[in-house]
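Q: Next input, structure requested:
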Amino acid sequence: MGEFWVRNRTKIWVGAISLLLVFYLVVTFERAVLLLGDPNPMAKAMGAGYLLLPVVGAWALVRELLFGSRTEKMARILEDEGGLPPDNLPRTPGGRIVREAADAEFVKYQREAEAAPEDWRSWFRLSCAYDAAGDRRRARAAMRDAVGLFRKA
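A: Numbering: from 1, shown residues only. Alright, predicted model coming up:
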């Protein structure tokens with residue numbers, strides 16, 4: 001059980017949070033239907049607005065789960081090919097990557113992505129470099145680019 005938990009901890013948490021979100025979306029949908037059945041026009045308007053929440057929530061959940069699944073698949077492929085960036089950057093006593101070292105390593109992956117802009121592998125590695133440098137927004141954007149290229153390949 002211990003090894004299973006360690007290997008699948010993230011998937012277990014994603015599953016639990018997804019189930020909670022689905023429960024919330026079902027309850028929200030139920031409330032929307034109840035409000036739509038109310039004779040008060042203001043209640044009907046609120047019910048119509050409430051219907052948007054489950055639709056947007058379900059779309060976002062599916063989008064994020066697909067993104068995570070595709071990212072995991074790409075990571076497995078890169079791992080099998082020996083193409084994942086090594087986790088050898090120095091860390092602080094608290095376990096965080098030393099920013100200066102990550103910034104210095106980043107340039108290598110940025111040049112690789114510029115040299116091979118149509119290769120999802122280079123964008124995946126660039127995303128990892130952004131993440132190590134602490135730029136989560138750009139890391140996610142680069143990973144979205146990698147997923148797009150991966151789906152075309």
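Q: In three-state terms, how would the residue of the chain most remote from its centre be classified?
A: Largest separation from the mean C-alpha position in the chain: P39, at 42.0 Å (CA atoms, centre = their mean). State at P39, reduced to three classes by DSSP: H, G, I helix; E, B strand; the rest coil: coil.
Q: Backbone dihedrals for it, both of them.
A: Per-residue torsions, P39: phi -70, psi -20 (degrees, to the nearest 10).
Q: Next, the contact list for F150, please.
A: Contacts for F150 (CB atoms under 8 Å, 6 or more residues apart in numbering) come out as 70, 73-74, 120. Where C-beta positions appear, they are placed from N, C-alpha and C, glycine not excepted.
Q: Out of those residues, which two sit at the greatest distance?
A: The distance between the two most remote of these (CB to CB) is 10.9 Å, for K73 and W120.
Q: for the helix or strand where V55 lies, packing partners?
A: Using DSSP states H and E, V55 maps to helix 41-81. In terms of contacts (3 or more CB pairs under 8 Å, 6 or more residues apart in numbering; DSSP states H and E), helix 41-81 is packed against helix 2-36, helix 120-132, helix 136-152.
Q: between K73 and W120, which one's more packed in?
A: W120 (22 against 12; other CB atoms under 10 Å).
Q: Pull the contacting residues for that one.
A: Counting by CB under 8 Å, 6+ apart, W120 touches 74, 146-150, 153.
Q: how far away is it from R70?
A: 10 Å (CB to CB, to the nearest Å).
Q: Now do the shared contacts for those two.
A: Counting by CB under 8 Å, 6+ apart, the residues touching both W120 and R70 are 147, 150.
Q: Next, the buried residues of the host helix or strand of V107.
A: Using DSSP H and E, V107 falls within helix 99-115. For helix 99-115, the neighbour count (16 or more other CB atoms under 10 Å) marks 102, 105-106, 109-110, 112-113 as buried.
Q: Please name every helix or strand in contact with it.
A: Using 3+ CB pairs under 8 Å, 6+ apart, helix 99-115 sits against helix 120-132.
Q: What mean pLDDT does the helix it packs on get?
A: In this model, helix 120-132 has a mean pLDDT of 95.
Q: Which of the three states applies to L84?
A: Assigned with three-state DSSP, L84 falls in the coil class.
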